[in-house]
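1. build me a model:
(6 chains)
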Protein chains: 4
Amino acid sequence: MLSELRKTRNQQRTERRRQALLDAAGKVFTRQGFLRTLVSDIVAEAHVGQGTFYRYFPDKRAIFEALLDRFLANVFEAFAGMTANPPQDQDEYREASIAAIRQATEILDRDRDLALLLLREAPTVDSELEDKVSSVYSALVTIARSFLDRAIKEGFARPCNTELVSEAIVGIGAWMANAWWAGRLPDFSKDQVIEQLVDFAFFGIGSANNS
Amino acid sequence: MLSELRKTRNQQRTERRRQALLDAAGKVFTRQGFLRTLVSDIVAEAHVGQGTFYRYFPDKRAIFEALLDRFLANVFEAFAGMTANPPQDQDEYREASIAAIRQATEILDRDRDLALLLLREAPTVDSELEDKVSSVYSALVTIARSFLDRAIKEGFARPCNTELVSEAIVGIGAWMANAWWAGRLPDFSKDQVIEQLVDFAFFGIGSANNS
Amino acid sequence: MLSELRKTRNQQRTERRRQALLDAAGKVFTRQGFLRTLVSDIVAEAHVGQGTFYRYFPDKRAIFEALLDRFLANVFEAFAGMTANPPQDQDEYREASIAAIRQATEILDRDRDLALLLLREAPTVDSELEDKVSSVYSALVTIARSFLDRAIKEGFARPCNTELVSEAIVGIGAWMANAWWAGRLPDFSKDQVIEQLVDFAFFGIGSANNS
Amino acid sequence: MLSELRKTRNQQRTERRRQALLDAAGKVFTRQGFLRTLVSDIVAEAHVGQGTFYRYFPDKRAIFEALLDRFLANVFEAFAGMTANPPQDQDEYREASIAAIRQATEILDRDRDLALLLLREAPTVDSELEDKVSSVYSALVTIARSFLDRAIKEGFARPCNTELVSEAIVGIGAWMANAWWAGRLPDFSKDQVIEQLVDFAFFGIGSANNS
DNA sequence: AATGAATGAGGGTTCATTCAT
DNA sequence: GATGAATGAACCCTCATTCAT
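-> Prediction:
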């Protein structure tokens, strides 16, 4: 009979190994993409035997999903703080937005390549993984929408179809993050990008003297 | 020696068959995704022999690329008209934008599922295909930017970093098209979406009375 | 109804095309070997259509065999003259041998590469082709043996087992021809090789003063 | 971590299986020739899975080469002893030659069919394998030549061009071995063949009373 | 529990052969 | 008769998964 201590130690070892496999998978997926990653690549990267993989994950898709879950949890965590401290006027709103985005990207920046890969490839693997990614965007849209609704009610935002507009706002964020991470905007600092986008979202491209 | 007539007829037959293979591939890719599509699925859909496929395309990737090329050519054609008729004031600009987007989506709508698939999966196949898709976005950004630059010069658009903002505008378009095609916006007509987005792009979310 | 003239002309045309295909096949087989030669290579070399090949030969093996037959007929022709003019003493015998070998190689030299290929690869294709090649060697052995038998009877050759020795003599010829054609004897002229070999065959390596 | 004992046992098992595959391949190649042998034939003969083959050899050519290497190593071993004990006169030389050849054929006789196949087909597979076989003949020629050079220097062999003559001697050996193995000399014992050939090599066909 | 050798179904690709024009 | 596009039976090889140790 195993002692409690021994049992716990084994569980820890198991959990550590699971994480090691996930980390290894993350590296290999980032390097080669889901399509071109073999299970044998993952176990080689993790320095474990081929059979060991199947003690922890039923197949390649499963470890990809686990990786995605871990990442999506991070995303939620990153945006969780945004609901606090409702702003009192448009300037505060704008400042709060900039701060929130800056903080969120900070967290995501740690695994930017993996993030890029997961968001890009998950929808091509499976409709289930596609739904998972969608649901995260939906959640972000919901957050954005509640902010926007309040801002309109408080009178410091232009009335509009908040469902569509918040989708668009999340879209800008996701798109530009993608562009930035993919190196398509080499001439700008991250802060520049964030500020310009927030201004665009707040004021549009229209000039004041024309309204 | 074949007569000219005969030669031409053969070329036509070859071209027709190539298109038939492309169409069949389009259907199967749309249904199953690149990953899960077998060459044997494509030839079954096209009702030709397995070997016939390899007379027209060297491998699965190649037919996917040809399909992408055909689609990207359509995209360019769709947006080619946008450069004509520079608008004279902000309202005309806004109307022109709506008209152009409506027309572009009209054309793309014919193969919406395929479009969705190509844009989503091409970047996961290959860095070359990834670049192809990127370059189309870049081209659209360039078009958007030249419009925006002029609008600012003419005084009916707010000065801003046009490189970033035009990237964002294309991003909104691509993102919302995606959302729309993927059925994530079931409550809105296409025209509603277009109008709301153009307004968002022109005026932002900021209220007039707060500026 | 075709006139006789027309019929003959067609037969000639057919025969010419058959020879053209054989020549083309010879070139390609020489270049690539039987194993790596495709029917499509042969028709490309012959500048005829893929289907045309099958009007003249049932398959790749058949054209190889036809080529072999054409070559073996040449070999027989080359050695046919050797039976004439029986020599009267050992020196005449030796001179006649040298002359015959020289003449034979003369004829074979025209298609040396093809000869090398056919003799080397035919036995690996088929046991039937193997037998064909064998039978040529047997025929040569028979010729050599009849000479040797007579020479012994006439008293200017050492009595020996003529079946084995004539096999060995043909073996030397075939082996050295192979070595020569394959470029394994770069330092010698053909005449040098022939003379040395004939001397070896006549006198062996043993020295006179030791007998 | 595997114990040393376990590791060694695994290596042995691996080596045993590799040899089993080689043996199986030998059987199938002998039966069907390189051209007509499928990898699936080899694995069926060896009673292992299709994939197992590819753990041990990259492709069909590779296992053929390994088989050839194993055989050529045997050939060298068979002839290695020939360099020892230089003979002191022509008779000793002749006796030594007979003994050496008898011993060499003894060893090769064990895998005569495979030997025949390897020497015959290897040059048709590849220029690399062709070179391998050539190099063995060259090595044998070198051995023969050193003997002949010494015999001439010692005065019990007729001066001659030793490069050509030793090539011819090896040629006789290879050719007659081939003829014997191929069943073209059914009326003679091996010893008869060897003796006759050695006599032919020593004394030629020329009669003594004619010199 | 961990291993890595063994497996074989499955997929891509070739190429001899057929056949409609 | 000549053509070359079409064909699909082979065949090679990969790689996710199993399993004996």
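
2. pLDDT score assigned to A:Ala157?
-> At A:Ala157, the model reports a pLDDT of 84.

3. what do you get for the one 10 residues further on?
-> In the prediction, the pLDDT value recorded for A:Glu167 is 94.

4. I figured it hits B:Leu185, correct?
-> Yes - the pair A:Glu167 / B:Leu185 is scored as a contact, 7.0 Å apart, by Cβ atoms under 8 Å. In this view, the C-beta of every residue, glycine as well, is placed from N, C-alpha and C.

5. joint contacts of the two?
-> B:Met176, B:Ala179 (Cβ atoms under 8 Å, 6 or more residues apart in numbering or on different chains).

6. mean confidence score for the helix or strand harbouring A:Arg9?
-> According to DSSP states H and E, A:Arg9 maps onto helix A:4-36. Helix A:4-36 shows a mean pLDDT of 88.

7. domain assignment for chain A?
-> Domains of chain A are assigned by automatic domain parsing as A:1-57, A:65-205.

8. okay, and the helix or strand of chain A with the least pLDDT?
-> Ranking every helix and strand in chain A by mean pLDDT, DSSP states H and E puts helix A:90-109 at the bottom, with a mean of 83.

9. compute the inter-axis angle for the helix or strand following that helix and helix B:4-36.
-> The element immediately downstream of helix A:90-109 (helix or strand, assigned by DSSP H and E) is helix A:112-125. For helix A:112-125 against helix B:4-36, the angle between stretch directions is 110 degrees (axes from the mean of the first three to the mean of the last three Cα atoms, to 10 degrees).

10. what helices and strands are in contact with helix A:112-125?
-> helix A:4-36, helix A:60-80, helix A:127-154, helix A:162-181, helix B:4-36, helix B:112-125 (3 or more Cβ pairs under 8 Å, 6 or more residues apart in numbering or on different chains; DSSP states H and E).

11. give me the buried positions along the shortest one.
-> For helix B:112-125, the neighbour count (16 or more other Cβ atoms under 10 Å in any protein chain shown) marks B:Leu114, B:Ala115, B:Leu116, B:Leu117, B:Leu118, B:Leu119, B:Arg120, B:Glu121, B:Ala122, B:Pro123, B:Thr124, B:Val125 as buried.

12. which residue is nearest the middle of chain A?
-> Residue closest to the average C-alpha location in chain A (Cα atoms, centre = their mean): A:Val75, at 4.3 Å.

13. how about the contacts made by it?
-> Counted by Cβ under 8 Å, 6+ apart, A:Val75 has contacts A:Leu108, A:Val136.

14. and it, how far is that from chain C?
-> To chain C, A:Val75 is 56 Å away according to Cβ to the nearest Cβ, to the nearest Å.

15. A:Ser189 now?
-> From A:Ser189 to chain C the distance is 60 Å (Cβ to the nearest Cβ).

16. also A:Arg6?
-> A:Arg6 is 64 Å from chain C, by Cβ to the nearest Cβ.

17. not counting sequence-adjacent ones, nearest residue to A:Phe79?
-> Leaving aside its sequence neighbours, A:Phe79 sits nearest to A:Ala104 (Cβ to Cβ, 6 or more residues apart in numbering or on different chains; 5.7 Å).

18. next, count neighbours for that neighbour.
-> 21 (other Cβ atoms under 10 Å in any protein chain shown).

19. cool, A:Val28 as well?
-> Residues lying near A:Val28 (other Cβ under 10 Å) number 23.

20. one more: A:Gln90?
-> 20.

21. so how far is DNA strand F from it?
-> According to Cβ to the nearest atom of the strand, to the nearest Å, A:Gln90 and DNA strand F sit 53 Å apart.

22. next to DNA strand E, which bits of chain A? Give me the list.
-> With the criterion set to Cβ under 7 Å from any atom of the strand, chain A comes near DNA strand E through A:Asn10, A:Arg13, A:Thr14, A:Arg17, A:Val48, A:Gly49, A:Gln50, A:Gly51, A:Thr52, A:Tyr54, A:Arg55.

23. now flag whichever of those is closest to chain D.
-> Proximity of the residues of chain A next to DNA strand E to chain D was ranked by Cβ to the nearest Cβ; the top entry is A:Gly49 with 10.7 Å.

24. any of the residues of chain A next to DNA strand E buried? List them.
-> Looks like these have A:Val48 buried, using 16+ other Cβ under 10 Å.

25. just checking, what packs against the least confident helix or strand of chain A?
-> helix A:60-80, helix A:127-154, helix A:162-181, helix A:190-203.

26. how about 7 Å then?
-> helix A:60-80, helix A:190-203 (3 or more Cβ pairs under 7 Å, 6 or more residues apart in numbering or on different chains; DSSP states H and E).

27. okay, these in CSV with mean pLDDT and distance to D:Val141 next?
-> Converted to CSV, the helices and strands packed on helix A:90-109 look like this (pLDDT from 0 to 100; distance: least, Cβ to Cβ, whole Å):
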stretch, mean pLDDT, distance to D:Val141
helix A:60-80, 88, 57
helix A:190-203, 90, 75
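
28. the helix or strand harbouring A:Gly51 vs chain D: in contact?
-> Here A:Gly51 sits within helix A:50-56, counting by DSSP H and E. No - Helix A:50-56 is not in contact with chain D by Cβ under 7 Å from any Cβ of the partner chain; minimum separation 12.4 Å.

29. quick check: chain neighbours aside, which residue is closest to A:Phe188?
-> B:Leu164 (6.5 Å).

30. quick check: next helix or strand after the helix holding A:Arg9?
-> Assigned by DSSP H and E, the successor of helix A:4-36 is helix A:39-46.

31. show the pLDDT at the closest residue to DNA strand E within chain A.
-> Nearest to DNA strand E in chain A, going by Cβ to the nearest atom of the strand, is A:Gly51, at a distance of 1.6 Å. If you check A:Gly51, the pLDDT there is 94.

32. then stretch A:109-121 to PDB, C-alphas only?
-> Written as PDB, here are the backbone C-alpha positions of stretch A:109-121 (Å, rounded to 0.1, in the frame of the first residue of the first chain):
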ATOM      1  CA  ASP A 109       3.300  38.600 -25.400                       C
ATOM      2  CA  ARG A 110       5.000  35.900 -23.400                       C
ATOM      3  CA  ASP A 111       3.800  33.200 -25.800                       C
ATOM      4  CA  ARG A 112       3.100  35.300 -28.800                       C
ATOM      5  CA  ASP A 113       4.200  32.700 -31.400                       C
ATOM      6  CA  LEU A 114       2.200  30.000 -29.800                       C
ATOM      7  CA  ALA A 115      -0.800  32.300 -29.500                       C
ATOM      8  CA  LEU A 116      -0.500  33.100 -33.100                       C
ATOM      9  CA  LEU A 117      -0.300  29.500 -34.100                       C
ATOM     10  CA  LEU A 118      -3.200  28.400 -31.800                       C
ATOM     11  CA  LEU A 119      -5.600  31.000 -33.000                       C
ATOM     12  CA  ARG A 120      -4.600  30.500 -36.600                       C
ATOM     13  CA  GLU A 121      -4.600  26.700 -36.800                       C
END
